[in-house]
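Peer 1: Predicted structure and sequence below. I'll ask about it afterward.
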Amino acid sequence: MHIFTWLFIIAVVITAGVQLWLSLRQAKHVGDHRSTVPAEFADKVTLEEHQKAADYTKVKGSFGRMQLLLGTVILFLWTLGGGLNWLDQLWRTADWGPLATGVAVLISFSMISGLIDIPSSLYSTFNIEERFGFNKSTLKTFFVDMVKGTVLSMVIGIPLILLVLWLMETAGDLWWLYAWIALTAFSILMMWAYPKFIAPLFNKFKPLEEGEVLDRLTSLLKRTGFNSDGVFVMDGSKRSSHGNAYFTGFGKTKRIVFFDTLLKHLSPTQVEAVLAHELGHFKRKHVLKGMIASMTMTLVGFAILAWLMKQAWFYTAIGVEQSSTYMALILFMLVSPAFTFFIGPIMARWSRKHEFEADEFAAKESNANELISALVSLYKKNAGTLTPDPLYSAFYDSHPPASIRIAHLKSVG
């Protein structure tokens with residue numbers, strides 16, 4: 001076997017092994033602390049609520065481990081098992097040319113992968129989420145969402161795939177730079193279009209009604225100098241009882257969105273504190289920094305792909321007989337996660353730093369105690385564990401653990 005074959009196998013096995021080990025650590029740590037509510041939350045969280053969060057975390061972790069093992073097997077079947085090569089040879093018989101063949105292979109690969117994921121999605125939604133009282137979706141909604149998503153992916157994805165493959169075929173040695181520029185422009189366009197045209201295909205959005213909540217949010221927006229397309233409520237309860245809030249959009253189309261499930265369980269002052277936190281991300285330029293980081297990583301990825309696609313061993317070492325631009329793209333998407341997994345903790349640490357900064361902004365512009373009470377309420381509502389394994393959290397959690405985050409808020413409030 002080629003040395004890259006061995007490198008690929010070793011990288012996949014190590015990555016999967018570390019993920020499995022971290023998940024088992026998380027399960028043990030959460031289980032060991034299941035019987036006692038942490039002292040700092042004893043007067044806010046009941047033992048029943050704490051144990052529900054622990055059980056929910058452990059069940060999701062167990063299912064995640066099964067998905068990890070299945071995903072690893074499927075990855076090897078696609079690559080070393082010859083699945084991609086079979087798919088490639090099947091479409092080559094149509095003799096459509098590299099662009100049409102590439103689009104056909106990429107779409108069929110995506111559709112097969114999507115079909116493979118359906119049982120897992122169904123089990124997660126209608127077993128795990130249902131068992132813990134979070135699922136509000138129906139089978140009809142589930143499959144309608146899936147069809148909508150597939151059609152939308154085709155409408156948006158096919159032109160984008162054609163453009164990238166055309167650049168790879170015709171733009172010469174600097175195709176990766178042109179493709180990066182095109183993908184960046186497309187991403188910015190989607191940020192503008194998503195809140196106006198795409199999100200309403202899946203959920204209903206209505207302006208926040210007049211009242212104390214809107215008055216407080218309007219006042220907060222004015223004193224922080226934030227301009228938006230408005231404050232909207234999304235019918236998140238149509239699919240889940242989990243609560244959340246987020247910013248979306250770009251430029252004049254950016255808007256603030258609250259799940260209806262969140263508004264039902266927070267007081268007006270708590271909602272104001274949550275919005276102040278979200279505004280902190282914007283004011284501290286976390287969104288812009290995230291975009292720059294993502295664009296930089298994409299640029300580096302395209303540059304590496306430009307070199308790899310010229311290496312015959314890149315294809316043959318991973319089970320593909322004939323080189324092509326589209327197969328290089330698919331292989332790179334499949335192979336790169338195994339070699340970049342350990343970047344995850346760095347990005348998670350960076351994200352947690354941003355969360356602390358946003359909390360500091362919220363403590364200054366609203367009320368730290370109200371944000372603390374809102375966070376505790378959200379942890380209870382979403383069954384978030386209060387006792388994650390520290391190492392697992394360092395690898396995966398984009399937000400600091402509850403105890404650390406609340407202690408930080410108390411120190412700056």
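Peer 2: Now that the structure is in, tell me what you want to look at. Residues are numbered from 1 along each chain as shown.

Peer 1: Can you name the residues that contact residue 356?
Peer 2: Going by C-beta atoms under 8 Å, 6 or more residues apart in numbering, residue 356 touches 400, 405, 408. C-beta: built from backbone N, CA, C; applies to glycine.

Peer 1: ignore the last one, residue 5
Peer 2: Per C-beta under 8 Å, 6+ apart, neighbours of residue 5: 80, 317-318.

Peer 1: Residue 87: which of the contacts of residue 356 is nearest?
Peer 2: Using C-beta to C-beta, residue 400 is the member of the contacts of residue 356 that lies nearest residue 87, at 43.0 Å.

Peer 1: quick one: secondary structure of that closest one?
Peer 2: coil (DSSP: H, G, I helix; E, B strand; the rest coil).

Peer 1: Skip the chain neighbours and tell me the closest residue to it.
Peer 2: In space, and not counting its chain neighbours, residue 400 is closest to residue 352: 4.8 Å by C-beta to C-beta, 6 or more residues apart in numbering.

Peer 1: What distance do you get for residue 373 to residue 267?
Peer 2: 8 Å (C-beta to C-beta, to the nearest Å).

Peer 1: neighbour count winner among those two?
Peer 2: residue 373 (18 against 14; other C-beta atoms under 10 Å).

Peer 1: Secondary structure of the more buried one: a strand, I assume?
Peer 2: No - counting by three-state DSSP, one finds residue 373 to be helix, located in no strand.

Peer 1: and the spatially closest residue to it that is not a sequence neighbour, what does it touch?
Peer 2: Nearest residue to residue 373 in three dimensions, chain neighbours excluded: residue 270, at 6.0 Å (C-beta to C-beta, 6+ apart). The contact partners of residue 270, taken as C-beta under 8 Å, 6+ apart, are 370-371, 373-374, 377.

Peer 1: how distant is the one helix or strand residue 270 maps to from the center of its chain?
Peer 2: When elements are assigned from DSSP states H and E, residue 270 belongs to helix 268-283. Relative to the chain's own centre, helix 268-283 is displaced by 21 Å; criterion: C-alpha atoms, centre = their mean, to the nearest Å.

Peer 1: Helix or strand next in line after that helix, which one?
Peer 2: helix 286-308.

Peer 1: Buried residues, the next helix or strand after that following helix. List them.
Peer 2: Following helix 286-308 in sequence order, the next helix or strand is helix 312-316 (DSSP H and E). The neighbour-count check on helix 312-316 (16 or more other C-beta atoms under 10 Å) flags 314-316 as buried.

Peer 1: Please work out how many residues are found near residue 407.
Peer 2: As a measure of burial, residue 407 has 13 neighbours, counting by other C-beta under 10 Å.

Peer 1: so is the residue nearest to it when sequence neighbours are not counted in a helix, a strand, or just coil?
Peer 2: Nearest residue to residue 407, sequence neighbours excluded (C-beta to C-beta, 6+ apart): residue 40, at 7.7 Å. Under three-state DSSP, the three-state class of residue 40 is helix.

Peer 1: rewinding a little: redo the contacts of residue 5 as CSV? Include neighbour count and distance to residue 223.
Peer 2: Shown next, in CSV, are the contacts of residue 5 (neighbours: other C-beta atoms under 10 Å; distance: C-beta to C-beta, whole Å):
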residue, neighbour count, distance to residue 223
80, 18, 59
317, 21, 59
318, 22, 56
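
Peer 1: Please identify which of the residues you listed is nearest to residue 281.
Peer 2: Closest to residue 281 out of the contacts of residue 5 is residue 318 (39.0 Å), distances taken as C-beta to C-beta.

Peer 1: dump the residue contacts of that closest one.
Peer 2: Contacts for residue 318 (C-beta under 8 Å, 6+ apart) come out as 4-5, 8, 79-80, 331, 335.

Peer 1: Widest-spaced pair of the residues you listed?
Peer 2: 5 and 331 (12.4 Å).

Peer 1: Count the residues that sit near residue 387.
Peer 2: Neighbours of residue 387 (other C-beta under 10 Å): 23.

Peer 1: Grab the nearest non-local neighbour of it.
Peer 2: residue 33 (3.9 Å).

Peer 1: I'd say that neighbour and residue 51 touch.
Peer 2: No - applying C-beta atoms under 8 Å, one finds residue 33 not in contact with residue 51, separated by 10.2 Å.

Peer 1: Find me the pLDDT at residue 262, would you?
Peer 2: pLDDT, residue 262: 85.

Peer 1: ok, how many other residues are close to it?
Peer 2: Residue 262, neighbours per other C-beta under 10 Å, totals 25.

Peer 1: quick one: contacts for the closest residue to it other than its chain neighbours?
Peer 2: Nearest residue to residue 262, sequence neighbours excluded (C-beta to C-beta, 6+ apart): residue 243, at 3.4 Å. Residues near residue 243 by C-beta under 8 Å, 6+ apart: 236, 259, 261-262, 264-266, 378, 381-382.

Peer 1: SS state for residue 243?
Peer 2: Per three-state DSSP, residue 243 ends up coil.
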